[in-house]
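S.K.: could you look at this predicted model? Sequence included:
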Amino acid sequence: MSAIFLYGPPASGKTTVGRNLSLSLGRPFFDLDEVIEEKVGKKIPAIFEEGGEALFRKIEKETLFELTRKENFNSSVVSLGGGTLLDPENRMLAERVGRVWLLEAPSPEELEKRFQRNPNARPLGNKAEERKEHYASFKSRIAKTFLLPTSLVIVGEGLGPLCDFAKLVIADTNAANCQPEALKNTALELIPSGEEIKNITTIEKIWGLLNDHAIGRKDIIASFGGGVTSDLVGFAAATWMRGIDWINFPTTLLAMVDASTGGKTGCDLAIGKNLVGAFHSPRLILIDADRLNTLPLKELKVGKAEMIKHALISGSEPKFSEIPTAREIADNLKVKVDIVREDPFERSGKRILLNCGHTVGHALELMSNFTISHGEAVAIGCVEEARIAQRMGLAKDSFPEELAEVFSAHGLPTKLPEGIVLDDLKLIMRRDKKRSGNTVTFSLPCAWGSVIATKISLE
């Protein structure tokens, strides 16, 4: 087990993120400034008044070296001051005994607001621009964090191996084969990849693995892989000994922007997709954009289907890099995070908007025996449901084709496969989780920024 150091410009949120991360992992937390104040019996501004920055840096260095010798230090999360690692010896020490994650500065406007709220807390003021080159030299970076009621979401790049985050990591074979370096020295078990194994048989296998590794109520397990893997591992965690904690490490774009966040877990049945499941959110969701570098082009495309869906819901421009950056992922994921915060258990009606394209899409996946991937099915489903909206007078006549052009521009299909028409999917859609009798609630895309929950009879 190794320590995690959180570093970055003053007011970037190191202490807040550090406290939340330590709670998520059940690790001790140290704020270096607080440790210094306790040691000398003075607040940081008073130390600066007494001896300037030189005295503070001397005390800071001594305190950091003392802290790393504490008995429980290797299992801790540490928030550093905004200039702690300017000293080469401090940096060498931190990188030797732990991992350094740099929190990227928020916008200049947001930084200014934070300084105005607490002007006396940081004697040196805003140093983000002055130390820009220094901060850029750290390769492990956090672009954005989100705090949900029971989950901390961290989106970044270069966040490194996972060896000591959980007692057991369950990975799918594709992810493990493509990214073995992330799983070094990890208690690891593998399950197959693919939607076809998202069933109760695989759940039973995972329960057996938990038993083999003597996983108890106080242990944490982790999922490493795509959305199928996280759904299965999350459901196994929800049901093992009536619920244990888990962590999610999504490795596909689709999982990063969709399945990773929101707490939905479960498996498929022969009669329908995701009919068995539970809400059981992971303690930590660690999204590392560097994991996308090993993904095939097709996997990137299907992930962009959900990104386009989020842009459709929010009315934002669906524009992403070929391999989306951590910042692009975070900005897109915010759409889902905001909805989940408002309606975590799908009770107020807001969260149903995330089902846009999924009523048709899930039925199409099942009818194709999952030869059509989830992302492809969502793209087709969004366009088909836009056509339903157009026929009902809820969308302009031109909108379905406008939407189809956006999905097509990202290499995604927009038409039902040859030989299948919408009526063919009705029997499957009648089994949808959001049905009431023969009426199913669709989340119809009617325009950019307008998705309307609509009850439709499938008689």
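M.R.: Looks like it arrived, so ask away. Numbering: from 1, shown residues only.
S.K.: low-confidence ranges, the protein, go.
M.R.: 115-116, 118-125 (pLDDT under 70).
S.K.: can I see the domain layout of it?
M.R.: Under the assignment automatic domain parsing, the domains of the chain span 3-138, 143-295, 342-457.
S.K.: doesn't L416 make contact with L364?
M.R.: Yes - the pair L364 / L416 is scored as a contact, 7.2 Å apart, by CB atoms under 8 Å. (Glycine included, C-beta is placed from N, CA and C.)
S.K.: so for those two, which residue has more residues nearby?
M.R.: It is L364, of L364 and L416, that has more neighbours when counted by other CB atoms under 10 Å, with 26 against 19.
S.K.: in space, what's closest to the more buried one - neighbours in sequence excluded?
M.R.: Closest residue in space to L364, ignoring its immediate chain neighbours: A377 at 4.6 Å, by CB to CB, 6 or more residues apart in numbering.
S.K.: what residues sit buried inside the strand or helix carrying I203?
M.R.: Assigned by DSSP states H and E, I203 falls within helix 200-212. By neighbour count on 16 or more other CB atoms under 10 Å, the buried set for helix 200-212 is T202, I203, K205, I206, L209, L210.
S.K.: what are the buried residues along the following helix or strand past that helix?
M.R.: Next along the chain after helix 200-212, taking DSSP H and E as the criterion, comes strand 220-225. Using 16+ other CB under 10 Å as the test for burial, strand 220-225 gives I220, I221, A222, S223, F224, G225.
S.K.: ok, now stretch 171-183?
M.R.: Here stretch 171-183 shows A171, D172, N174, A175, A176, Q179, A182, L183 as buried, counting by 16+ other CB under 10 Å.
S.K.: just those residues now: which is nearest G158?
M.R.: A182 (11.3 Å; CB to CB).
S.K.: that closest one: what's it in contact with?
M.R.: With contact set as CB atoms under 8 Å, 6 or more residues apart in numbering, A182 has these partners: G160, P161, L162, F224, F249, R291.
S.K.: before we move on, the earlier item: take the buried residues of stretch 171-183 and keep only those in helices.
M.R.: N174, A175, A176 (DSSP state H).
S.K.: distance to G8 for these - can I get that in TSV?
M.R.: Conversion of these to TSV gives the following (distance: CB to CB, whole Å):
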residue	distance to G8
N174	33
A175	29
A176	32
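S.K.: ok, the buried residues of helix 200-212 vs V276, which is closest?
M.R.: The nearest one, if we look at those relative to V276 and count by CB to CB, is I203, at 8.5 Å.
S.K.: pretty sure that closest one contacts D231?
M.R.: No - the criterion here is CB under 8 Å, and I203 misses it with D231 at 9.9 Å.
S.K.: name the residues contacting each of those two.
M.R.: Contacts common to I203 and D231, judged by CB under 8 Å, 6+ apart, are C267.
S.K.: what about E129, how many neighbours?
M.R.: 11.
S.K.: picking up where we left off before, widest-spaced pair of the buried residues of strand 220-225?
M.R.: I220 and G225, at 16.9 Å, using CB to CB across the buried residues of strand 220-225.
S.K.: nearest to E402, of the ones in helices among the buried residues of stretch 171-183?
M.R.: Within those, proximity to E402 (CB to CB) peaks at N174, which comes in at 34.6 Å.
S.K.: could you find the closest non-adjacent residue to that closest one?
M.R.: Distances taken as CB to CB, 6+ apart place S193 nearest to N174, at 4.1 Å, with adjacent residues excluded.
S.K.: could you pull out the strands for the stretch 201-350 of the chain?
M.R.: Shown for the stretch 201-350 of the chain, the strands assigned by DSSP state E, counting those that start in this stretch span residues 220-225, 245-250, 264-269, 272-279, 284-288.
S.K.: buried residues, the helix or strand harbouring R57. List them.
M.R.: Element membership of R57, judged by DSSP H and E, is helix 44-67. Buried residues in helix 44-67, counted by 16+ other CB under 10 Å: I44, I47, F48, F56, R57, I59, E60, T63, L64, L67.
S.K.: isn't the second one right up against G41?
M.R.: No - I47 sits out of contact with G41 when judged by CB under 8 Å, with a separation of 10.2 Å.
S.K.: if I pick the nearest residue to L416 once chain neighbours are set aside, what's in contact with it?
M.R.: Leaving aside its sequence neighbours, L416 sits nearest to I380 (CB to CB, 6+ apart; 6.2 Å). Contacts for I380 (CB under 8 Å, 6+ apart) come out as G357, V360, G361, L364, I372, P413, T414, K415, L416.
S.K.: ok, the first one to S443 distance?
M.R.: Using CB to CB, to the nearest Å, we find G357 at a distance of 8 Å from S443.
S.K.: those two: which is more packed in?
M.R.: Between G357 and S443, counted using other CB under 10 Å, G357 has the larger neighbour count: 30 against 23.
S.K.: isn't that one up against E385?
M.R.: Yes - with contacts counted by CB under 8 Å, G357 reaches E385, the gap being 5.8 Å.
S.K.: residues shared between the contacts of these two?
M.R.: Joint contacts of G357 and E385 (CB under 8 Å, 6+ apart) are S443, P445.
S.K.: hmm, back to that, out of the domains of the chain, which one sits most buried?
M.R.: Across those, the average number of neighbours (mean count of other CB atoms under 10 Å) peaks for domain 143-295, which reaches a mean of 20.
S.K.: would you turn the buried residues of stretch 171-183 into CSV with distance to L23?
M.R.: Listed next are those as CSV, based on distance: CB to CB, whole Å:
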residue, distance to L23
A171, 25
D172, 28
N174, 32
A175, 27
A176, 29
Q179, 27
A182, 23
L183, 25
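S.K.: E346: which of those residues is nearest?
M.R.: Looking across those and measuring by CB to CB, the closest to E346 is D172, at 26.5 Å.
S.K.: the closest one is in contact with E195, isn't it?
M.R.: No - under the criterion of CB under 8 Å, D172 is not in contact with E195, lying 11.3 Å apart.
S.K.: distance of the residue nearest to N174 from T252?
M.R.: Counting by CB to CB - S193 and T252 are separated by 10 Å.
S.K.: need the residues touching each of the two.
M.R.: Joint contacts of S193 and T252 (CB under 8 Å, 6+ apart) are A175, G225, G226.
S.K.: where do the strands of the stretch 51-200 of the chain begin and end?
M.R.: Using DSSP E, counting those that start in this stretch, the strands assigned to the stretch 51-200 of the chain run over residues 77-79, 98-103, 141-147, 152-157, 168-172, 188-191.
S.K.: mind putting these in a markdown table, distance to L111 included?
M.R.: Output for those, formatted as a markdown table (distance: least, CB to CB, whole Å):
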| stretch | distance to L111 |
| --- | --- |
| strand 77-79 | 17 |
| strand 98-103 | 12 |
| strand 141-147 | 15 |
| strand 152-157 | 19 |
| strand 168-172 | 36 |
| strand 188-191 | 41 |
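S.K.: show me where the stretch 1-150 of the chain has its helices.
M.R.: For the stretch 1-150 of the chain, the helices defined by DSSP state H, counting those that start in this stretch cover 14-25, 32-40, 44-67, 88-97, 108-117, 132-136.
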